[in-house]
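# Here is a sequence with its predicted model. Questions after.
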Amino acid sequence: MFAKLLSADPNQDIAAAWIAKELLRDLLSCADRGGLRYEITTALDRFYRFCAACTVPEVIRLARTIETWQAPIIAALQTGLSNARTEGYNRIVKHVGRIAFGFRNPENQRRRVRWACTRRSRRVTPSRHQRHC
């Protein structure tokens, strides 16, 4: 597959982006092995060295972004914690607001958001038809 990619990519921009992606996947796989600091820094070093030698502007921009967020990335890989749940709730709040076209009563908006955010934790009771079948 990589050979086909190289033959179809004369400037090898796509190949460089693919290699950068694979190096980032190697970085993320450090979390599966316990998030050891030396493994993380080794993977980051390999990624940065590749990006420094690369001439593709998008890959260079990606390296700058990773460098900007390096401390939180390392913390997430070492602890296994993320803000995914918070981001999910924020998405639900925005979605509820979009569906409602704006609430006139703030209390109703809070109730609707709470209801939407606790949907999975509520028990589902069988309907009247399901009980008799």
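Arrived safely, thanks for sending. Numbers count the residues shown, from 1 in each chain.

# any idea of the pLDDT on the residue nearest the centre of the chain?
Residue closest to the mean C-alpha point of the chain, counted by CA atoms, centre = their mean, is Ala84 at 7.8 Å. Confidence per residue is given as pLDDT, and for Ala84 that number is 82.

# For Ala76, see how far away it is.
10 Å (CB to CB, to the nearest Å). C-beta here means a position set from N, CA and C on the backbone, and glycine is covered the same way.

# Wait, Tyr48 touches Glu67, no?
Yes - taking contact to mean CB atoms under 8 Å, the distance of 7.5 Å between Tyr48 and Glu67 places them in contact.

# So Ile74 sits against Ile40, correct?
Yes - under the criterion of CB under 8 Å, Ile74 is in contact with Ile40, at a separation of 5.6 Å.

# can you give me the helices in this structure?
Listed in chain order, the helices found in the chain under DSSP state H are 2-8, 13-28, 37-53, 57-68, 70-79, 84-100, 106-117, 128-132.

# got the buried residues for the fourth one?
For helix 57-68, burial by neighbour count (16 or more other CB atoms under 10 Å) applies to 59, 62-63, 66.

# and if you look at stretch 33-51?
Per 16+ other CB under 10 Å, stretch 33-51 contains these buried residues: 35, 39-40, 43-44, 47, 50-51.
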